[in-house]
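# 3D model of this:
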Amino acid sequence: MMDQISDRDRLYGDDEQEDIRAAVYARTSSAKQSFGHSLNEQVRLSIERCQMLDWEVVFVFRDEAESGKDPDRPMFQSMLRAAEKQAFDVVVFWKLDRFSRSLMHAVQLESKLRQYDVGLYSITEQIDTTTASG
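Modelled structure (predicted):
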């Protein structure tokens, strides 16, 4: 009988890793965000990191000119609905403040996403909930 590997094992286990499905999330506060922080740059860098990690990018969610204080950002809510359906395994973002404006909110989101077996990964900070050491 063949054992099934759960999504949790795939993200956190030490066994051979299956393909990880990534969702990139990018946000700007204004339409004229400075270079290096633009939506396109955030997405490009996030996709490059996913390629380095051999993760498949299956979604890109972009919120332009949306305050991080407002959790009702349109694409952010779409991302949460897709996470609930377990449409991907990890959310990849350029920097935590692009994902959430407060640490408390980020911790709450991480807890909610963990219920769906979805991890978080920041490409500029040491945030990686896809591994035990992350």
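# CA only for contacts and neighbour counts going forward, please
Will do.
# what is the residue most central in space within the chain paired to in the beta sheet?
By Cα atoms, centre = their mean, the chain has its centre lying nearest to V91, at 1.4 Å. Beta-bridge partners for V91, by DSSP bridges, are A23, L120.
# how much space separates it from E64?
18 Å (Cα to Cα, to the nearest Å).
# please apply the same query to H105.
20 Å.
# just T28 next, same as before
5 Å.
# go on, I127?
For I127, the distance to E64 - Cα to Cα - is 23 Å.
# also S122?
19 Å.
# list the contacts of I47.
V24, V57 (Cα atoms under 8 Å, 6 or more residues apart in numbering).
# need the per-residue pLDDT for it.
Looking at I47, its pLDDT stands at 97.
# over to the one 10 residues further on?
V57 is assigned 98 on the pLDDT scale.
# just give the closest residue to it, not the sequence neighbours.
What sits nearest to V57 in space, not counting adjacent residues and going by Cα to Cα, 6 or more residues apart in numbering, is A22, at 4.6 Å.
# where exactly do the strands run in this protein?
Taking DSSP state E, the strands of the chain run over residues 21-27, 56-63, 90-93, 119-122.
# ranking the ones you listed by burial, who's on top?
strand 90-93 (a mean of 28; mean count of other Cα atoms under 10 Å).
# can you name every helix or strand that it contacts?
strand 21-27, helix 39-53, strand 119-122 (3 or more Cα pairs under 8 Å, 6 or more residues apart in numbering; DSSP states H and E).
# which regions of this protein sit below the pLDDT cut-off?
1-17, 31-36, 67-70, 133-134 (pLDDT under 70).
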